[in-house]
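[1] what's the 3D shape of this:
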Amino acid sequence: MSVSLHHRITGEGQPLLLLHGLFGSQENLGGLNQRLQDEWQIHGLDQRNHGRSPHADHMDYPAMAGDVIAYMDQQGL
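    Purely as a prediction, here's the structure:
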């Protein structure tokens with residue numbers, strides 16, 4: 001079951017998802033976000049069990065990918 005990911009949308013243009021690495025959050029990508037937001041609509045996501053997203057007992061790559069797909073569906077991406 002997917003979790004609703006905390007996210008921040010900035011900029012204008014075609015959508016671009018930014019995903020952080022292990023132990024990170026979308027806050028770690030702030031500099032990159034600022035550089036890209038003039039040309040792209042940036043969707044900065046916190047993965048489950050990271051940043052401000054909900055914590056879940058189950059965590060593996062398929063679950064995390066499912067969360068991103070659910071987010072994209074919700075946003076119409």
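[2] before we move on, which element is residue 21 in?
    Mapping residue 21 onto the secondary structure by DSSP states H and E places it in no helix or strand at all.
[3] How about the one 10 residues further on?
    Residue 31 belongs to helix 30-36 when elements are defined using DSSP H and E.
[4] Now that helix: buried residues?
    Judged by neighbour count (16 or more other Cβ atoms under 10 Å), helix 30-36 contains these buried residues: 33, 36. No exception for glycine: its C-beta is placed from N, CA and C like everyone else's.
[5] Check which helices and strands it sits against.
    Using 3 or more Cβ pairs under 8 Å, 6 or more residues apart in numbering; DSSP states H and E, the elements in contact with helix 30-36 are strand 14-19, strand 40-45.
[6] Name the strands paired with the last one and say parallel or antiparallel.
    By that I understand strand 40-45. Each strand paired with strand 40-45, and its direction, by DSSP bridges: strand 7-10 (antiparallel), strand 14-19 (parallel).
[7] Please, which helix or strand holds residue 68?
    Residue 68 belongs to helix 61-75 when assigned by DSSP H and E.
[8] as a whole number, average confidence for that helix?
    Rounded to a whole number, the mean pLDDT of helix 61-75 is 96.
[9] Which neighbouring elements make contact with that helix?
    Helix 61-75 sits against strand 14-19, strand 40-45, with contacts defined as 3+ Cβ pairs under 8 Å, 6+ apart.
[10] Mind listing what's buried along it?
    Per 16+ other Cβ under 10 Å, helix 61-75 contains these buried residues: 63-64, 67-68, 71.
[11] No further questions, thank you.
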